[in-house]
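Chemist: Kindly return the folded structure for what I paste below:
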Amino acid sequence: MVERESQDDLNAILKAASDPTRRKILTMLAQHGPLRVTDIARQFDMSLNSVSKHIKVLETAGLVQRRTEWREHLIEVRMAPLSAIDTWFAELRSIWALRLDALEAALEDPDDD
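Modeler: The predicted model follows:
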């Protein structure tokens, strides 16, 4: 089973990715590479401060990292934390595989109650 710390990480990742604005930010960064905060903010109909708050949530979840070059703050996506989601889905797939195997066995043996 998944350890408590891994569960907390997964919860933070899923919560951060649950917002459509944050998903769009992640997609932009994955497609275009590191972007300045102001470049990200231009893509949304909201204040720079609001976009910065979304970025902070993504940073806290470990999905993006900020680096500073001179006065520029560049945000880049971090794909490694997404492995927690892959692990969780793998567990779900294994549970469903067992259930489907049991269903298949039951369907093949109609005499079994």
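
Chemist: and stretch 53-69, which residues are buried?
Modeler: 54-55, 57-58, 61-64 (16 or more other CB atoms under 10 Å). (C-beta placed from N, C-alpha, C; glycine too.)

Chemist: Which members of those residues are positioned in strands?
Modeler: residue 64 (DSSP state E).

Chemist: Which ones among the buried residues of stretch 53-69 lie within helices?
Modeler: Counted as lying in helices by DSSP state H, out of these, are 54-55, 57-58.

Chemist: shaky segments in the chain?
Modeler: 1-5, 97-98, 101, 110-113 (pLDDT under 70).

Chemist: need the helices for it, in chain order.
Modeler: Ranges of helices in the chain, per DSSP H, are 4-17, 20-32, 37-41, 48-60, 83-108.

Chemist: And these: which comes nearest residue 74?
Modeler: With CB to CB, the closest approach to residue 74 among the helices of the chain belongs to helix 37-41: 8.2 Å.

Chemist: Now do that closest one: which elements does it pack against?
Modeler: When contacts are defined as 3 or more CB pairs under 8 Å, 6 or more residues apart in numbering; DSSP states H and E, helix 37-41 packs onto helix 20-32, helix 48-60, strand 72-77.

Chemist: In JSON lines: the ones you listed, plus distance to residue 100.
Modeler: Formatted as JSON lines, those follow (distance: least, CB to CB, whole Å):
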{"stretch": "helix 20-32", "distance to residue 100": "30"}
{"stretch": "helix 48-60", "distance to residue 100": "36"}
{"stretch": "strand 72-77", "distance to residue 100": "35"}
